[in-house]
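Participant: the sequence and its predicted three-dimensional model are supplied below.
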Amino acid sequence: MPRVLAVLAHVSATTFSAELSEALAAIDDLEVTIVSYYDASSAETAMAPDTAVDLVALGASSRFDPTAIRRLRWALRTRSYDVVHTHHNFVGSLARLLAPRGTPIVDTEHADHEHHYSLPQVLVNAATLPRATRVVANSERTLESLSRIERLGRDDDRFAVIYNGIDTDRIDRVLAESTNPYAIDGRRIATVGRLSETKNQATLLRAFAAIADDEPGTRLTIVGDGPLREDLESLAGSLGVRDRVEFAGFVDREDVYRILAASDLYAQPSLSEGFCVALVEAMACGLASVVSDLPVLHEVVGDAGVFVPPTDAEAVADRMLGLLADDGRRAEIGRRATERARCEFPIEETARAYAELYADLLES
């Protein structure tokens, strides 16, 4: 049975690479272990108590924590893993540097490097990326965003795209619940993501304020937390809509799905994305969406959403108002969204694609 070691920075409820590891462990002929660089114990992680994935928690206090680095080297070199799978910039680079020669290494790139990576991050990544046997991007856009130096000396056949996936069974368990504590009398527009410049919730707030008079019974729910929360709450107040904007903060995944199930429209005004799992989860819940006109979101959404320039609050408002006013069109887009999310992006298919990649590398 092949043994896979996934090296992650941390394991939280929104860490897709941890969810992927869980899905891989469900495949009969794979044994999966996660190394979490910053978590000190399983209690600090979002892993289920009955998980089939083993955890090695290094408890690093900083990037260059010497004890954590020694423990990572020990885990990589003494446990005879058949494949090392690296995620996240610094920790992935460190693991590729320390991994034994001859061990196949799969690296997954999760973000648009042009917009998310600084020059030092690109250089750190590029320094060890040649050690990866295969480099996998979570979208065509992520693959295109790799810099020339990250591709230097690498043949095209060493790069691949495997889309992220969602746990539709987990979503369906929530959708089947008889009551929903997040149900409201009016209508709701929802968005999910870290409160940051990249996610661009400020434009969404301005767009919501622009339609507030036309949609007096509609509420905006912003799920997530981050460095801009205070600024965004202040902005909502200055726009006169603070009493109609709910800042839900960080909630567990089941509550995210409950909020989506109790919503009428989803908005994703991001300035850049690597893939956007939250958007696909909203699609799987049957929501029509207004999303940024970005190449990667065209990859994800296809014809199951409405696209808009992400910095044009007036255009965002117009598209949202148009969908809220047309129940039939909104329902049809939601139907297409559900079908696309569930057919194209189930996490079982993502895990199967990675398992096949592991098998190919071990055979060769």
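Facilitator: That came in fine, so what should we check first? Numbers count the residues shown, from 1 in each chain.

Participant: drop to CA atoms for contacts and neighbour counts, all remaining ones
Facilitator: Will do.

Participant: just to check, residue 236 is in contact with residue 203?
Facilitator: No - with contact defined as Cα atoms under 8 Å, residue 236 does not count as touching residue 203 (10.8 Å).

Participant: please report how far residue 37 lies from residue 55.
Facilitator: 11 Å (Cα to Cα, to the nearest Å).

Participant: same question, residue 164
Facilitator: 22 Å.

Participant: pick out whichever of these two has more residues nearby.
Facilitator: Each of residue 164 and residue 55 has its neighbours counted (other Cα atoms under 10 Å); residue 164 has more, 25 against 20.

Participant: contacting residues for that one?
Facilitator: Each residue near residue 164 by Cα atoms under 8 Å, 6 or more residues apart in numbering is listed here: 16, 138, 275, 277, 345, 347, 350.

Participant: one more time with 7 Å, if that's ok
Facilitator: Residues in contact with residue 164 (Cα atoms under 7 Å, 6 or more residues apart in numbering) are 138, 345, 347, 350.

Participant: biggest separation within those residues, which pair?
Facilitator: 138 and 347 (12.4 Å; Cα to Cα).

Participant: give me phi/psi at residue 6?
Facilitator: phi -100, psi 120 (degrees, to the nearest 10).

Participant: for it, report the pLDDT, please.
Facilitator: Predicted confidence (pLDDT) for residue 6: 97.

Participant: so what's it bridging to?
Facilitator: residue 34, residue 85 (DSSP bridges).

Participant: roughly how far apart are it and residue 20?
Facilitator: Where residue 20 is concerned, residue 6 sits at a distance of 10 Å (Cα to Cα).

Participant: and if you look at residue 190?
Facilitator: 25 Å.

Participant: look at those two and report which has more neighbours.
Facilitator: residue 190 (26 against 21).

Participant: show me this structure divided up by domain.
Facilitator: Following automatic domain parsing, one gets these domains for the chain: 3-165+346-363, 168-344.

Participant: worst average pLDDT in those?
Facilitator: domain 3-165+346-363 (a mean of 93).

Participant: check the offset of that one from the chain's centre.
Facilitator: 14 Å (Cα atoms, centre = their mean, to the nearest Å).

Participant: that domain spans what distance, first to last residue?
Facilitator: 14 Å.

Participant: can you pull out the strands in the stretch 51-200 of the chain?
Facilitator: Using DSSP state E, counting those that start in this stretch, the strands found in the stretch 51-200 of the chain span residues 54-57, 83-86, 105-109, 134-137, 159-161, 187-192.

Participant: quick one: residues contacting residue 254.
Facilitator: Applying Cα under 7 Å, 6+ apart, the residues near residue 254 are residue 174.

Participant: and it, what helix or strand is that in?
Facilitator: Taking DSSP states H and E as the criterion, residue 254 maps to helix 253-261.

Participant: put the alpha carbons of that helix into CSV.
Facilitator: The C-alpha coordinates for helix 253-261 follow below in CSV (Å, rounded to 0.1, in the frame of the first residue of the first chain):
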residue,chain,number,x,y,z
ARG,A,253,-18.5,24.5,7.4
GLU,A,254,-22.0,23.1,8.2
ASP,A,255,-23.1,26.6,9.2
VAL,A,256,-21.7,28.0,6.0
TYR,A,257,-23.9,25.6,4.1
ARG,A,258,-26.9,26.5,6.2
ILE,A,259,-26.4,30.2,5.4
LEU,A,260,-26.0,29.4,1.7
ALA,A,261,-29.2,27.2,1.8
